[in-house]
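Peer 1: just the structure for this:
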Amino acid sequence: MKLNADKWFTEVYSDDGCALSLEFSEKLHEEQTGWQKLEIYQTTGFGRLMLLDGCIMLTDRDNFIYHEMMTHPVLCSHPDPKRVLIIGGGDCGCLREVLKHKGIKHVHQVDLDERVTWASEKYFPDLCESNNDERAIFSFTDGVAFVEQAEAGSYDVIIVDSVDPVGQAARLYSEDFYRACFNALSEKGIMIAQSESPLFHKSLIESMQSRMAGVGYNDISSLFFPQCTYPSGWWSASMAFKDGKPSEFRKVDIETKYYNNDIHQAAQAVPQFMRNSD
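Peer 2: Predicted coordinates for the structure are as follows:
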């Protein structure tokens, strides 16, 4: 079967010899922001689709898995999270999930590109339904510099909702950045960062976690979850604990589509091929 290029968007993963295609009916928006190319499509099977520099960022159909797994496991692993920093996350999906936790006092979202949030508010309003919450604070600036200048112990949880480690975003995977996050965390603080596909990017996960350990985090664990529109359809996040790993997690009653107490535990089961690298 040959795909009609006028009706299908294809993201090619050249390093791994495969690709993902989504059929679309209409291009809704395209612009070159000050930082990247931003596109929005209406697809036939996955709702609306956001691309940044030609890479899939989110779709209506499956974004809830990523946003829930980047937020609820880390928040439920902290004994009493009140102050949260989100680096990146311009689509506001993580912000929405964080604000489901009633004990949160404030969430500061720091993203470089304000146009991503503008597009999300226009084309993905469900993700932005909590943007007017009085606990939400927005800054459109360099996240690395922001963390470096943060007061020590300012945040209980730091969520790094970043794009792939290329260009400006590569600094979000550096040892210096992880050290700055460590300093900005409170005594029981936890950092979580998306860490790509365990199948395609195993070496990246290992290098990220090695750098986290190198700056002083006492324990680091991985979360694994499906994400069908990301490379390989299998994704991960890495949690780094400033002062040890909790023996149990807080169970909370919040509305979710994917995350629950069983998923919290199951997502931390490590595949054997990842254990073999120890």
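Peer 1: and stretch 10-17, how far out from the chain middle?
Peer 2: Distance of stretch 10-17 from the chain centroid (CA atoms, centre = their mean, to the nearest Å) equals 21 Å.
Peer 1: buried residues in it, which are they?
Peer 2: For stretch 10-17, a neighbour-count test (16 or more other CB atoms under 10 Å) marks E11 as buried. For the C-beta atoms, the positions are set from N, CA and C on the backbone; glycine is no exception.
Peer 1: residues in contact with that stretch?
Peer 2: Residues outside stretch 10-17 that contact it (CB atoms under 8 Å, 6 or more residues apart in numbering): 3, 18-21, 54-56, 200, 231-232.
Peer 1: span of it from start to end?
Peer 2: Chord length of stretch 10-17, first to last residue, is 13 Å (CA to CA, to the nearest Å).
Peer 1: just the buried residues of the contacts of stretch 10-17.
Peer 2: Restricting the contacts of stretch 10-17 to buried positions leaves 20, 56, 200, 231-232, with burial counted as 16+ other CB under 10 Å.
Peer 1: about what we covered before: of the contacts of stretch 10-17, which belong to strands?
Peer 2: Among these, the members falling in strands (DSSP state E) are 18-21, 55-56.
Peer 1: ok, the residues you listed vs F9, which is closest?
Peer 2: Within the set of those, S21 lies nearest F9; the separation is 6.8 Å, counting by CB to CB.
Peer 1: could you list everything the closest one pairs with in the sheet?
Peer 2: The partner list for S21 in beta bridges (DSSP bridges) reads T10.
Peer 1: ok, now I40?
Peer 2: Residues in beta-bridge contact with I40 (DSSP bridges): H29, M50.
Peer 1: could you look up the SS state of the closest residue to D219 other than its chain neighbours?
Peer 2: Spatial nearest neighbour of D219, excluding adjacent residues (CB to CB, 6 or more residues apart in numbering): K245 at 3.9 Å. Following DSSP: H, G, I helix; E, B strand; the rest coil, the label given to K245 is coil.
Peer 1: tell me how far K245 lies from I190.
Peer 2: Distance of K245 to I190, computed by CB to CB, to the nearest Å: 9 Å.
Peer 1: what's the overlap in contacts for the two?
Peer 2: Common contact partners of K245 and I190 (CB under 8 Å, 6+ apart): S77.
Peer 1: who has more neighbours out of these two?
Peer 2: Using other CB atoms under 10 Å as the criterion, K245 and I190 rank with I190 on top: 27 against 14.
Peer 1: and that one, what element?
Peer 2: According to DSSP states H and E, I190 maps onto strand 185-194.
Peer 1: contacting residues around the next helix or strand after that strand?
Peer 2: As assigned by DSSP H and E, the chain's next helix or strand after strand 185-194 is helix 202-214. Identification of contacts with helix 202-214 by CB under 8 Å, 6+ apart yields 165, 173-175, 178, 191, 193, 195-196, 198, 220, 222, 236, 238, 240, 273-274, 277.
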